[in-house]
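Student: have a look; sequence and predicted model below, questions after that.
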Amino acid sequence: MSTQSTRLAARLMVAPSVFVLFIWMIVPLAMTLYFSFRFFRLLTPERSGWVGFTHYLWFLNAPDFWLALFNTLALVGGVLVITVILGVLIALLIDQPVKGQGMLRILVIAPFFVMPPVAASIWENLFMHPQNGLFSAIARGFGQQPILFLENYPLMSVIGIVSWEWLPFATLIFLTALQSLSSEQLEAAEMDGASPLNRFRYIILPHLTRAITVVILIQTIFLLGIFGEIFTTTQGGPGSASTTLPYMIFKQAIVAKDIGRAAAGGIIAVILANIVAYFLMRGIGRHLDN
Amino acid sequence: MARAASPRRTLLTTLAAWSVALVIFFPVLWMILTSFKTEASAVAMPPEFLSADWTLENYETVWSRSDYPRFFWNSVVISVGSTLLGLAIAIPAAWSMAFVPGKRTKDLLMWMLSTKMMPAVAVLIPLYLVFQRIGLFDTKLGLILALMLMNLPIIIWMLYTYFKEIPGEILEAARMDGASLWNEIVYVLTPMALPGIASTMLLNIILAWNEAFWTITLTTTKAAPLSAFIASFSAPQGLFYAKLSAASAMAILPILILGWFSQKQLVRGLTFGAVK
């Protein structure tokens, strides 16, 4: 039904988006790839040359790298587990007949709109601070020594902060999904004597599968790049205890000013992201048709 | 799934749900309370609740005696600017993919989404160097471009799912009546698409406002928005807790309010239409 000229016009309308996204992706990627094989330090600009796979080998041999890789996956995995489980439970609770549900939603969603540096700084200063934080006050109230969250448990603290930021997102999506569940089905099951646990297991959980998949996919995209929270709180430390792969590359580029080495790290991050993305796209692709 | 329940059960679930909600909201609440305390009161041990010295001084100090207004203005310009620019590029693209889909439209959409999965650090160095070379480093225009490109796939996807829901018959009818492509877009499509465009805009302003990678790495002082300002704010020994809290409260309040209005669209937008 659409004419030839309409089709042409339509293609022309997509062109700018495709063009800028393509440039945005391919030019920096090509440059990163090029730098990753070059000697390139901002502090000694007069030296340059090809170095082959030296930078890649440096990464693979650095003990920090494997720690950073582990930390990255632990951060993503930890936050996913916490937000999905708590998110489902909280969504189930809020979905019950409660007074003031609208206001409840507003309170619960709030952390998602708090920008990462602010979220991190609230937790770091007002809660986890060893002298002035609320947690230390509570610990002292019970006659205990305050826990040094960011010093002794840096990664767990960061996971906690990030989970607080993303829990509202998960909860909101699960709540939206729950509200499309027909109550007749649940009532029928209840009349047939199905226990609450069985109703959850055989009716609610299957209904939520799609929402859970989506939450995992979307959060993974954002969580792989977590930066602001670490930058604000631990700066990747103490040592490298809370350094993720993105943060390790950031340190090489901006702090050590070793562009070549950081570029190799960037390429490694791209490979890692591609492995993750491969599984993500398959998941999202399934949901595209319906 | 609204179901009738006994008043006793409603009371219990209400209590439980409100407790959970307050726990989740508490850090934000505590920050807001702290922002109204004097510095001494803010770090008092044990923490002061009702007995605190309340004051508006922190807001006044932060607003008048620091560069805060400039950071705030930068945030406004960057988030609104990148969103508008993104919409200008995305609306035609989403329109044509929704109404004149080709064989490869779906692949194209997936490809656009896949650019979002590219780790930002991987392109940090080239962007950093290019930006410094062509004078975009630490400028509002540079950040507008970077954030626009970062969010463009989300903008296109959101618009696409909204446009998809506009019945194609209406467009066909307009075409039958001899409306040109341009007229079709301006008089038929735009009015119907406005709610979708508005919520896309809202969500993207929020995402751009809260962005904290490019804003930190591609600025120093001149173009730094609030996210970079707060990230570099140090509170040695908690001397400036109240002022930090006031600055933070001002940084998140506009977005918190926008966000509360857009929570329904947020689910849809961020799940690329998979959950409505």
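Tutor: Sure, I can see it. Numbering: from 1, shown residues only, chains lettered A, B, ... in the order given.

Student: rest of the way, CA atoms for contacts and neighbours
Tutor: Will do.

Student: wouldn't B:Leu226 be in contact with B:Phe71 here?
Tutor: Yes: counting by C-alpha atoms under 8 Å, B:Phe71 is a contact partner of B:Leu226 at 5.2 Å.

Student: those two - which one has more neighbours?
Tutor: For the pair B:Leu226 and B:Phe71, the greater number of neighbours falls to B:Leu226 (32 against 22), based on other C-alpha atoms under 10 Å in any protein chain shown.

Student: how close does the residue in the stretch 151-290 of chain A positioned nearest to chain B sit to B:Leu159?
Tutor: For the stretch 151-290 of chain A, the residue closest to chain B is A:Gly266, as judged by C-alpha to the nearest C-alpha, at 3.9 Å. Distance of A:Gly266 to B:Leu159, computed by C-alpha to C-alpha, to the nearest Å: 31 Å.

Student: return the residues of the stretch 51-200 of chain B in contact with chain A.
Tutor: B:89-90, B:92-94, B:96-97, B:100, B:110, B:112, B:114-123, B:125-127, B:149, B:152, B:181 (C-alpha under 8 Å from any C-alpha of the partner chain).

Student: from the residues you listed, which would you call buried?
Tutor: Applying 16 or more other C-alpha atoms under 10 Å in any protein chain shown to these, the neighbour count classes B:89-90, B:92-94, B:96-97, B:100, B:110, B:112, B:114-123, B:125-127, B:149, B:152 as buried.

Student: how about the helices in the chain?
Tutor: Using chain A. If DSSP state H is used as the criterion, the helices of chain A fall at A:4-35, A:54-61, A:63-95, A:101-109, A:116-121, A:134-141, A:149-152, A:154-178, A:183-191, A:196-199, A:205-223, A:228-232, A:245-250, A:259-288.

Student: meant chain B actually
Tutor: Under DSSP H, chain B gives helices at B:7-35, B:39-42, B:57-64, B:68-99, B:105-115, B:120-133, B:140-164, B:168-176, B:181-183, B:190-210, B:214-217, B:226-231, B:241-261, B:263-270.

Student: relative to helix B:241-261, how tilted is the last one?
Tutor: Think helix B:263-270. 80 degrees (axes from the mean of the first three to the mean of the last three C-alpha atoms, to 10 degrees).

Student: give me the distance from stretch A:68-84 to the chain's centre.
Tutor: Chain-centre distance of stretch A:68-84: 8 Å, with C-alpha atoms, centre = their mean, to the nearest Å.

Student: what does that stretch contact?
Tutor: A:155, A:158-160, A:162-163, A:166-167, A:170-171, A:212, A:215-216, A:219-220, A:223-224, A:240, A:242-245, A:248 (C-alpha atoms under 8 Å, 6 or more residues apart in numbering or on different chains).

Student: go again using 6 Å as the cut-off
Tutor: With contacts defined as C-alpha atoms under 6 Å, 6 or more residues apart in numbering or on different chains, stretch A:68-84 is touched by A:159, A:163, A:167, A:223, A:243-245.

Student: make TSV from the residues you listed and add neighbour count to it.
Tutor: Converted to TSV, those look like this (neighbours: other C-alpha atoms under 10 Å in any protein chain shown):
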residue	neighbour count
A:Ile159	22
A:Ser163	23
A:Leu167	25
A:Leu223	18
A:Thr243	29
A:Thr244	29
A:Leu245	29
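
Student: and the most centrally placed residue in chain B, how far from A:Met115?
Tutor: The centroid of chain B falls nearest to B:Ile206 when counting by C-alpha atoms, centre = their mean (1.2 Å). Here the criterion is C-alpha to C-alpha. By it, B:Ile206 lies 9 Å from A:Met115.

Student: need the overlap of contacts for these two.
Tutor: By C-alpha under 6 Å, 6+ apart, no residue touches both B:Ile206 and A:Met115.

Student: residues in contact with B:Phe25?
Tutor: Contact partners of B:Phe25, counting by C-alpha under 6 Å, 6+ apart, are A:Leu107.

Student: what separates it from B:Leu258, distance-wise?
Tutor: Counting by C-alpha to C-alpha - B:Phe25 and B:Leu258 are separated by 17 Å.

Student: burial count for B:Leu50?
Tutor: 7.

Student: repeat that for A:Phe174.
Tutor: Counted with other C-alpha under 10 Å, residues neighbouring A:Phe174 total 28.
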